[in-house]
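Asker: quick one: sequence and predicted model below, then my questions.
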Amino acid sequence: MFVGSGTLTNVATVLVGSGLGLLVGHRLPERVRTTVTSALGLVTLLIAADAALAVRSDALVDATPRGAPTLIVLGSLLVGGVAGSLLRLEDRLESFGGVLQRALARGDGGDRDRFVQGFVVASLVFCVGPLTILGSINEGLGRGAEQLLLKSALDGFASLAFAAALGVGVMASALAVLVVQGSLTLVGLALGEALPAAHLDALGATGGLVLVGVALRLLDLKALPVADLLPALLVAPLLTQLAVSLA
């Protein structure tokens, strides 16, 4: 398989899954759609917790001073959150979703809000997580697309449920998948074997906590500005390198 095939497969499964979800979505009562969204929130929370456990990985613990892994994740979220808030990433992502809604759909303000919610939530779920990051980078490193193919299958089922609950905005998230995973694959091509396992684990653990924010939104517990935390994924490897140098 060629480099990038994993991402293209993922885009296809999101489009197909969300298309099927739109076909059956209008036949489902509101209570069923709400239950589906809550179920996805619980599963997202499980995936997030599993990813966050990378903070205790042997590679990260052995490469940094005692207690540093937790501080790396904390520092990444704080620094990344401040940067994302100043850049207003959440607002920009929602605005981008509104632009896509005007281009692809028609309707009143309620339809726009539903489109934006579907686009933002699905984009974050599909683009933030260990499989997104590690799978894309590993494909770029020439290690194969197996992780992204697994993610494609998961996203296909998730997009069906999301689209049934949140509408056509979920289908537009395929564009975010293409851009984010394609960019990370290019990063993998550029990095070669330069990024150590400890740095990847710190990045994955930080991404896991960002996913907790997504789960809280899906469960309708708190509408955290999750997109504002995305720069933390860039900060985590930098802080890990700083900690390694102090070890």
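Answerer: Yep, that arrived. Residues are numbered from 1 along each chain as shown.

Asker: the closest residue to residue 8 other than its chain neighbours: neighbour count?
Answerer: Distance criterion CB to CB, 6 or more residues apart in numbering; nearest residue to residue 8, sequence neighbours excluded, is residue 178 at 7.9 Å. C-beta: built from backbone N, CA, C; applies to glycine. Using other CB atoms under 10 Å, residue 178 has 17 neighbouring residues.

Asker: equivalent analysis for the one 3 residues further on, please.
Answerer: Close neighbours of residue 181, defined as other CB under 10 Å, add up to 28.

Asker: show the pLDDT at it.
Answerer: As predicted, residue 181 sits at a pLDDT of 93.

Asker: in contact with it: list those residues for me.
Answerer: Counting by CB atoms under 8 Å, 6 or more residues apart in numbering, residue 181 touches 6-7, 10, 127, 132, 135-136, 148.

Asker: which one among those residues gets closest to residue 226?
Answerer: For those, the minimum distance to residue 226 (CB to CB) is 10.9 Å, reached by residue 127.

Asker: so how far is residue 183 from the closest one?
Answerer: 10 Å (CB to CB, to the nearest Å).

Asker: also residue 160?
Answerer: 26 Å.

Asker: higher neighbour count, these two?
Answerer: Using other CB under 10 Å, the more surrounded residue of residue 160 and residue 183 is residue 160, with 24 against 13.

Asker: what distance do you get for that one to residue 66?
Answerer: Distance, residue 160 to residue 66, using CB to CB: 45 Å.
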